[in-house]
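Engineer: Give me a model of this one.
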Amino acid sequence: MINDFQKISKRINDPIIKKIDILNKNDKSIIHFLKSIIEIRKLLLSKGFNKKEINTILKNFTKIFLFKKFIIKNKGIETLIEKNNVPQEIIDELETYLKIDKEKVKDEIFRQDNIKPRRKSKLDLWIRYFFLKKVKKYLRGVYGYKVHARYASNDGKLKSSKRFQYSFSNMHWDFALNAMPFVIYLSDVKKGQGEFKVLNHPKNFKQNLYLSFYDYLISENVGISKSLMSNRVGSHLEFKDKKDIENNITYFDGPKGTSIFFAGRYILHCGGYPDLNQTRLSIFLSHKNVYMAILNYLLNIFFIF
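Structural biologist: As a prediction, the model looks like this:
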C-alpha cells in the first residue's frame, strides 16, 4: 500500500522540497518559521522564481503557519469524519429552496449557489446550533454559514475525464485550510451513484500543507502533466495499485437524509461522478470564518507584489 501520498521521498533531492520538508518539521515556533522562510526565499531567488511567485509562496506559507497556531483549536480535526442522519423536517425545508431543472442537467455537476434559509426558521436554527456548534469545536473565528446544492447527472459522457477515470482518480484534500463541509444527501445514494468516499490508509499520514501549496502553484504555472499537484492525490495514484487502493476505500452510501461531516483539508476524499444513467442530489453546508478573513486581508497588505 502507498505510504508517501505527496511523493516526498521521490523528490527529497530537490533542494526546494528538502527545505519545505524541514519547514514542516520545525514550524513549532516563530523563530524556526522565520529562519526557514528566509532560507526558502533565497533558494527560490537562486532558482529563478520571480518576485510575484516568491511573495505568493511566502504569503501562503505564513497563512498556513498562523492558521495552525491560532485558528485550529483541536488537533482532532486531522482525523474528523462523522456519518449521521438529518431530521426529516430539515430535509423538507431544504427541498423548498431547490431551483434545479433536472431535465436540463445533462452530463454535468450543476451547482445552485446562495441558498439562504429564512432567518430563525427551523433550518436556520438547526444549522446554527448543530452544524456551526460542531465546527466551533475545532476552529476559532466561526460566525456564519453558506449553503449550496449540487445535482450530478451522467447521461453517457460524464466519466470521460481522466480525473474521474477510476474510483480513486479524484481523491483530494480540499484547498481551503478551514474547509469543514457538511454534506447532506437529498436523494438515496447507492454505490455507483456518486457517493462520498474516503481513502482509509492516509488518515494517519501527516500531510505537509506547505508542500501542498507549493505543488499547487507549480501545477498552475506549468500544468499538472509536468508537475505534481499533491493536494490532488488521485491524479498521481497509479493503476498498478488499483486493487489495493479500492480495497482501502470506505464508501458512504446511504438513504436520503444521510449526512457526512468531515475536515476537508485533512481527510483524503472525493465525491465521484455517478455511473451511467445515475444521478445524485446533495446539499453542502460550509462555515464563514472571521479570523481567516482578517488573516487574508492583513497578508494581502503585507505581501504587496
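Engineer: Please give the centre-to-centre distance between the host helix or strand of residue 65 and its chain.
Structural biologist: Using DSSP states H and E, residue 65 maps to helix 51-66. Distance, stretch centre to chain centre, for helix 51-66: 19 Å (CA atoms, centre = their mean, to the nearest Å).
Engineer: could you point out which element follows it?
Structural biologist: strand 81-85.
Engineer: same question for that following strand, mean pLDDT?
Structural biologist: Mean pLDDT, strand 81-85: 96.
Engineer: Show me where the stretch 151-300 of the chain has its helices.
Structural biologist: In the stretch 151-300 of the chain, helices defined by DSSP state H, counting those that start in this stretch lie at 209-222, 242-247, 290-302, listed in chain order.
Engineer: Which of those helices has the highest mean neighbour count?
Structural biologist: Of all the helices of the stretch 151-300 of the chain, helix 209-222 has the most neighbours on average by mean count of other CB atoms under 10 Å, namely a mean of 19. (Each C-beta comes from the backbone N, C-alpha and C, glycine too.)
Engineer: what angle sits between that helix and helix 51-66?
Structural biologist: Relative orientation of helix 209-222 versus helix 51-66 (axes from the mean of the first three to the mean of the last three CA atoms, to 10 degrees): 150 degrees.
Engineer: what's around residue 279, how many residues?
Structural biologist: Counted with other CB atoms under 10 Å, residues neighbouring residue 279 total 16.
Engineer: who's in contact with it?
Structural biologist: Each residue near residue 279 by CB atoms under 8 Å, 6 or more residues apart in numbering is listed here: 102, 151, 152, 153, 154, 187, 193, 194.
Engineer: Which of those are buried? Put it as a PyMOL command.
Structural biologist: Per 16 or more other CB atoms under 10 Å, the buried members of the contacts of residue 279 correspond to this PyMOL selection:
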select buried, resi 151+152+153+154+187+193+194
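Engineer: quick one: least confident of the contacts of residue 279?
Structural biologist: residue 154 (85).
Engineer: Kindly provide the distance from residue 109 to residue 242.
Structural biologist: In this view, residue 109 and residue 242 are 24 Å apart by CB to CB, to the nearest Å.
Engineer: sorry, that was for residue 294
Structural biologist: Residue 294 sits 44 Å away from residue 242, taking CB to CB as the criterion.
Engineer: can you check residue 175 too?
Structural biologist: 26 Å.
Engineer: any idea which element residue 92 lies in?
Structural biologist: helix 88-95.
Engineer: Compute the mean per-residue pLDDT across that helix, please.
Structural biologist: In the prediction, helix 88-95 has an average pLDDT of 97.
Engineer: Just the CA atoms of that helix, as CSV, please.
Structural biologist: In CSV, the C-alpha atoms belonging to helix 88-95 read as follows (Å, rounded to 0.1, in the frame of the first residue of the first chain):
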residue,chain,number,x,y,z
GLN,A,88,-36.9,14.8,8.2
GLU,A,89,-38.3,18.3,8.9
ILE,A,90,-34.9,19.8,8.0
ILE,A,91,-34.8,17.8,4.7
ASP,A,92,-38.3,19.0,3.9
GLU,A,93,-37.3,22.7,4.4
LEU,A,94,-34.1,22.3,2.4
GLU,A,95,-36.1,21.0,-0.5
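Engineer: which residues sit against that helix?
Structural biologist: Here helix 88-95 makes contact (CB under 8 Å, 6+ apart) with 117, 121, 122, 123, 126, 184, 186, 256, 257, 283.
Engineer: rerun at 10 Å
Structural biologist: With CB atoms under 10 Å, 6 or more residues apart in numbering as the contact definition, helix 88-95 has outside contacts at 85-87, 115, 117-118, 121-127, 130, 147, 149, 184-186, 256-257, 259, 281, 283, 285.
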